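Chemist: Generate coordinates for the sequence data below:
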Amino acid sequence: MEQRTLGEVQVGAIGLGAMPLSVDGGPEPQRAIRTVHAALDAGVTLIDTADAYQPKGAGIGHNEELVARALASYGGDTSRVLVATKGGHVRTPDGGWDLDGRPEHLKAAAKASAARLGVEAIGLYQHHRPDPRVPYEETIGALAELLDEGVIRMAGISNADEGQIRTAQEVLGGRLAAVQNQFSPAFRSSRGELELCARSGIAFLPWSPLGGIANAGRLAQRHEVFAQVAAEHGVSPQQVCLAWELSLSPTVIPIPGASRPQSITDSAQAVDLELSPEQLALLDAAA
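Modeler: Presented below is the predicted three-dimensional model:
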């Protein structure tokens, strides 16, 4: 698989978004683990998770523990696999979502995530979502402290605008490794953040790059031009979508979600799909 740089680490050009493995109605654990193994077999070396990814009633860190189990049970070499996780977006007792950007929370959450993942230092730790009740500089300051303490090897942010990217880069002293924002044919409002990351040499990780769990399978119906180009190459519209996103910048590393081995195997093949300049222009105009 083609490699891209995330910080100083080489990873596959496609990552695995592990969230669909820990949602209500998601796959049973053995299929979830087979999905991670299929990603590794396909050359994927970036797995993205978060402490808040959990089915209702499962408890904090469910997805992190699942990823750790999958890596531990894989028969091959996992030394080059980069596990990225996130903190600061918390679950409520009723299964809802809340925010906690307090530095003390983020630092404690990172250490708890490292324990669940079974690592001495987290490869990439990302602030999940800005908390309007806490100054952004204070939250990012916690990431800087985690870097300095060796709890995490790289720091990232998620769901951030251009101003917050610049603030994070300043507070981290130029050590911002990644930005993870929603981006897909149906959701292009993060194009400015993508381009800022491209100019700054920061990895940009599109989440829900195929439109999200509910819409990935309907990509062809919602965006006919992707189906048209897919037919020309004899591949899936999902592969075309990921190949288009990869073409936008060498710093883009899509992290499509998957709940079946077949899905991530198909997605990983997007790195080998060569689209013509005419096709890319057509997709960019239609997206």
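
Chemist: in the stretch 101-250 of the chain, which spans are strands?
Modeler: Counting by DSSP state E, counting those that start in this stretch, the segments of the stretch 101-250 of the chain that form strands are 124-127, 155-158, 176-182, 203-207.

Chemist: List the buried residues in the second one.
Modeler: It refers to strand 155-158. Of the residues in strand 155-158, those with enough neighbours to count as buried (16 or more other C-beta atoms under 10 Å) are Ala155, Gly156, Ile157, Ser158. From N, CA and C alone the C-beta is placed, and that goes for glycine too.

Chemist: Format those residues as CSV; extra columns: pLDDT and distance to Ala32.
Modeler: Putting the buried residues of strand 155-158 into CSV (pLDDT from 0 to 100; distance: C-beta to C-beta, whole Å) gives the following:
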residue, pLDDT, distance to Ala32
Ala155, 98, 28
Gly156, 98, 24
Ile157, 98, 27
Ser158, 98, 22
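
Chemist: I'd like the distance from the helix or strand of the chain with the lowest mean pLDDT to the chain centre, please.
Modeler: Scoring the helices and strands of the chain by mean pLDDT, DSSP states H and E places helix 219-222 at the bottom, with a mean of 86. Relative to its chain's centre, helix 219-222 lies at 22 Å (C-alpha atoms, centre = their mean, to the nearest Å).

Chemist: packing partners for that helix?
Modeler: If you count contacts as 3 or more C-beta pairs under 8 Å, 6 or more residues apart in numbering; DSSP states H and E, helix 219-222 packs onto helix 224-233, helix 237-247.

Chemist: and the last one, C-alpha only, in PDB?
Modeler: In this case it means helix 237-247. Coordinates of each C-alpha in helix 237-247 appear next as PDB, following Å, rounded to 0.1, in the frame of the first residue of the first chain:
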ATOM      1  CA  PRO A 237     -18.000   4.000  -6.100                       C
ATOM      2  CA  GLN A 238     -16.500   3.900  -2.600                       C
ATOM      3  CA  GLN A 239     -13.000   3.300  -4.100                       C
ATOM      4  CA  VAL A 240     -13.500   6.200  -6.500                       C
ATOM      5  CA  CYS A 241     -14.500   8.500  -3.600                       C
ATOM      6  CA  LEU A 242     -11.400   7.600  -1.500                       C
ATOM      7  CA  ALA A 243      -9.100   7.900  -4.600                       C
ATOM      8  CA  TRP A 244     -10.600  11.400  -5.300                       C
ATOM      9  CA  GLU A 245     -10.000  12.500  -1.700                       C
ATOM     10  CA  LEU A 246      -6.400  11.100  -1.800                       C
ATOM     11  CA  SER A 247      -5.800  13.300  -4.900                       C
END
